[in-house]
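Enquirer: Sequence first, then the predicted structure:
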Amino acid sequence: MTYKIFHDLRVKHCQHPLDRKALVALEKTPGLSLLLKKISEYGVDRLLRIQILGNAFRITSRNFPELYNVFVKTCQILDISPLPDLYLSRGHGHIDIFSIGVENPLIVLNLEGLEWLSDKELLFILGHELGRVKGQYLQYQQMAVVMPIVKTLISSTTLGFGGLAASGIEVALYNWIIMASFTGDRIGLLACQDVDTAIAALMKMGGLPDEYLNPSTMQEFCDQAREFNIEEMDRLDKVAKIFSFMEYTIPWVVMRASELLKWVEEGSYDRWMQWGNAKLLESAKAADEANQPDDEDWDF
């Protein structure tokens, strides 16, 4: 298969409106700049990097050539250079992938991701994560990893007031991470360039074993995704919303498939695949701005 190469790709031009909205809300949250400063002082970036370097297998063309080649191909399609480092971590019983490193990013895929995903499905999941790298999402993403510890540290040194402030940031941060996954899935689809592959990868991320993956289960999953209406969450009590988004580590695969299928079925994906870059970037940006949700949406 010949893949389209997206030269000079700008993630912000295919950013999901809810991602953009949640990011603006996060950056307006009181205390965020102070928390970022504290995280920097604690050396969190270096700590996370040391944990990966000391515990995971670095992927090269010699030890895992097939996975490495898929990774290189994904970076080529998305016009990412230099390549981040790729590592393989132990299994967790489910597919997992994450990235860390604001200055020098690295991506960590777990054993289930290697074993359960086809090469084309790896293009999707690696593309999703590389979209986070290319979109410069990692500063906030790795903040979420250490948020519980940092919140406790701040609370213990400020008589509890810092902990209360950090809790507000925590809610906004986890909300944003979930919304940002919609943008990541768009980038993942641009990498694998096949909607069925993207859907299959999401289903496997949701825990469905490969032997149950067939046209019938995929069709039912897509029907369920199309029935899902993210706007229904607006009708939830604010406390219920908070409880929902605190579970940011679960894959939310039906919701993500719902938003990805909308992007495909409204024609945006086809425009990315068919148009010249200058025209499609301008059009995609205008379309997303036109669909920007009201300021009151997702307000905590």
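Expert: Sure thing, it's come through. Residues are numbered from 1 along each chain as shown.
Enquirer: Residue ranges in the stretch 51-200 of the chain under the pLDDT threshold?
Expert: 148-167 (pLDDT under 70).
Enquirer: And the helices in it?
Expert: Along the stretch 51-200 of the chain, counting by DSSP state H, counting those that start in this stretch, helices occupy 65-77, 111-116, 119-134, 138-157, 161-192, 195-205.
Enquirer: Grab the nearest non-local neighbour of the residue nearest the centre of the chain.
Expert: In the chain, the centroid-proximal residue (Cα atoms, centre = their mean) is Ser181; its distance is 3.7 Å. If the residues on either side of it in the chain are set aside, Ser181 comes closest to Arg256, at 5.7 Å by Cβ to Cβ, 6 or more residues apart in numbering. Placement of C-beta: from N, CA and C, glycine included.
Enquirer: Can you tell me what sits against stretch 213-224?
Expert: Asp196, Ile199, Ala200, Met203, Lys204, Leu208, Val254, Ala257, Leu261 (Cβ atoms under 8 Å, 6 or more residues apart in numbering).
Enquirer: count of neighbours near the fourth one?
Expert: The burial metric for Met203, expressed as a neighbour count using other Cβ atoms under 10 Å, is 22.
Enquirer: how much space between the closest residue to it other than its chain neighbours and Lys204?
Expert: Leaving aside its sequence neighbours, Met203 sits nearest to Phe221 (Cβ to Cβ, 6+ apart; 5.7 Å). Distance of Phe221 to Lys204, given as Cβ to Cβ, to the nearest Å: 11 Å.
Enquirer: Which one of the two is surrounded by more residues?
Expert: Applying other Cβ under 10 Å to Phe221 and Lys204 shows that Lys204 carries more neighbours, namely 24 against 20.
Enquirer: For His7, see how far away the more buried one is.
Expert: 30 Å.
Enquirer: can you check Ile107 too?
Expert: From Ile107 to His7 the distance is 22 Å (Cβ to Cβ).
Enquirer: Compare these two and say which is more crowded by neighbours.
Expert: Ile107 (23 against 8).
Enquirer: Which residue is the nearest non-sequential neighbour of the more buried one?
Expert: Counting by Cβ to Cβ, 6+ apart, the residue nearest Ile107 is Ser99, at 4.7 Å.
Enquirer: who touches the one you found in this structure?
Expert: Residues in contact with Ser99 (Cβ under 8 Å, 6+ apart) are Pro84, Pro105, Leu106, Ile107, Val108, Glu129, Arg132, Val133, Leu138, Gln141.
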